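*Asks:* Provide a 3D model corresponding to the input given below.
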Amino acid sequence: MKVLVTGASGQLAHVIRQIWTAHDLVLPEEAIFDLGKQSAIQSVVSEVRPDVVINCGAFTQVDRCEAESDLALLINGTAVGWLADACEARQALLIQISTDYVFDGTGTRPYREDDATNPMSVYGRTKLEGERQAARCTRHLIVRTSWLYDAWGKNFLNTMLNAAAQGRALRVVDDQRGAPTTCRALARQLQVAVAEEWNGLVHTTCQGETTWYGFAKAIFEAKGMAVDLSPCGTADYPTPAKRPAYSVLSGDKRTRLGTDVMPHWLEALGDVIATPDLSKEA
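*Replies:* This next block holds a predicted model:
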C-alpha cells in the first residue's frame, strides 16, 4: 500500500516513518508538498498516486494563529479541501488529524464524536473547518487527538525537560484537563484503523486524563528528576488563544469500530522514556 504523508518534518510524520515500515511511504519535503499551494498538492498526489494520504501537516502554533488567522485558515482549512479533492480523484483514503480544540472545554464528561463543537480559538476554528473539508472526500477518516508529544520535536515533554535541565523553577497549569497522547500510540492506532477500514470521525487519544501539572509531575517522576515544580491556574499564565479547560475525548466509538490499541497515558509516557529512539527497537 502506498501512503503519502504531509508535514514530513513534524513529530507525527517522524514516527509514522519509523512504525509504518510494512508500507510504501512517501514523505516529500514541505517545500515540495506545500500545503499553501493547490497546484503543489495536485501535482504531488497525481505523481505519487497514493492509496492513503495522512495529513500530518498543520499550522499548530496555537497563539500565533490568533495573529495570523488567514494563514491558519489556509493551512488548516482550505488546504484540506484541496487534499480532499485530490484524494477523491484518486479514490484514496484521506486521514485528517484534528484536535480537542474544536470543543470549548465547558463539559464535565469525556466528549463524544457527536457532541456539539464550539472552538474558542482561531486554531480550533480552522481545524474544525479542516474536518468539514476532509468529510467531502468519500473515503475519509477524521481523527481527533490531544496533547500530542513524543521523544522528539517541539512539545510539552521536551519543553519541561529542557527547562528543568536549566535549573529553572517551574509553574505549570493545573486547571486544564486532557489526555496526553504519544505520536507512537497514535501512529499504531492509525495502522489498525486503515487495516480495519475505519471511516468517518473518531476520537483517538491515550486513555485516562490528567492536568498539565499532573503530566509534568509524571514526566519528572519517570525520569527520576528532582525539580522545583508547583501548580498554577490558567489565569496565572495568560495566552493570546483560549485553551479548553476540559478536553478529554471519549474512546467509546473507537472500541465499537474495531481494535483499540491506545494505552493509558502513563503507560505511553513510560514507553517514551524507556525507548526514546524507536529506530533502535528490536
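*Asks:* secondary structure element for the closest residue to Arg125 other than its chain neighbours?
*Replies:* Nearest in space to Arg125, with sequence neighbours left out and distances taken as C-beta to C-beta, 6 or more residues apart in numbering, is Pro119 at 4.6 Å. For every residue, glycine as well, the C-beta is placed using N, CA and C. Per DSSP states H and E: Pro119 is located in neither a helix nor a strand.
*Asks:* show me the contacts for Pro119.
*Replies:* Residues in contact with Pro119 (C-beta atoms under 8 Å, 6 or more residues apart in numbering) are 101-104, 125, 127-128.
*Asks:* export stretch 244-251 as PDB, just CAs?
*Replies:* Provided in PDB are the C-alpha atoms of stretch 244-251 (Å, rounded to 0.1, in the frame of the first residue of the first chain):
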ATOM      1  CA  PRO A 244     -10.300  24.400  26.700                       C
ATOM      2  CA  ALA A 245     -10.400  23.800  30.400                       C
ATOM      3  CA  TYR A 246     -11.700  20.200  29.900                       C
ATOM      4  CA  SER A 247     -10.900  18.400  26.700                       C
ATOM      5  CA  VAL A 248     -10.900  14.700  27.500                       C
ATOM      6  CA  LEU A 249     -12.200  12.800  24.500                       C
ATOM      7  CA  SER A 250     -14.200   9.600  24.800                       C
ATOM      8  CA  GLY A 251     -12.800   6.400  23.300                       C
END
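*Asks:* Quick one: distance of it to the chain centre.
*Replies:* In terms of C-alpha atoms, centre = their mean, to the nearest Å, the centre of stretch 244-251 is found 14 Å from the chain centre.
*Asks:* Can you tell me what sits against that stretch?
*Replies:* Stretch 244-251 is contacted from outside by 100-101, 103-113, 120, 144-146, 175-179, 203-205, 207, 209, 234, 260, 262, using C-beta under 8 Å, 6+ apart.
*Asks:* Apply 7 Å and report the result again.
*Replies:* Residues outside stretch 244-251 that contact it (C-beta atoms under 7 Å, 6 or more residues apart in numbering): 100-101, 103-105, 107-108, 110-112, 120, 144, 146, 175-179, 203, 205, 207, 209, 260, 262.
*Asks:* about what we covered before: tell me which entries of the contacts of Pro119 lie within helices.
*Replies:* When helices are assigned by DSSP state H, the members of those inside them are 125, 127-128.
*Asks:* Is it possible to get a markdown table of the residues you listed that adds pLDDT, neighbour count and distance to Lys242?
*Replies:* What follows is the ones in helices among the contacts of Pro119, written out as a markdown table (pLDDT from 0 to 100; neighbours: other C-beta atoms under 10 Å; distance: C-beta to C-beta, whole Å):
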| residue | pLDDT | neighbour count | distance to Lys242 |
| --- | --- | --- | --- |
| Arg125 | 98 | 21 | 11 |
| Lys127 | 98 | 28 | 14 |
| Leu128 | 98 | 20 | 14 |
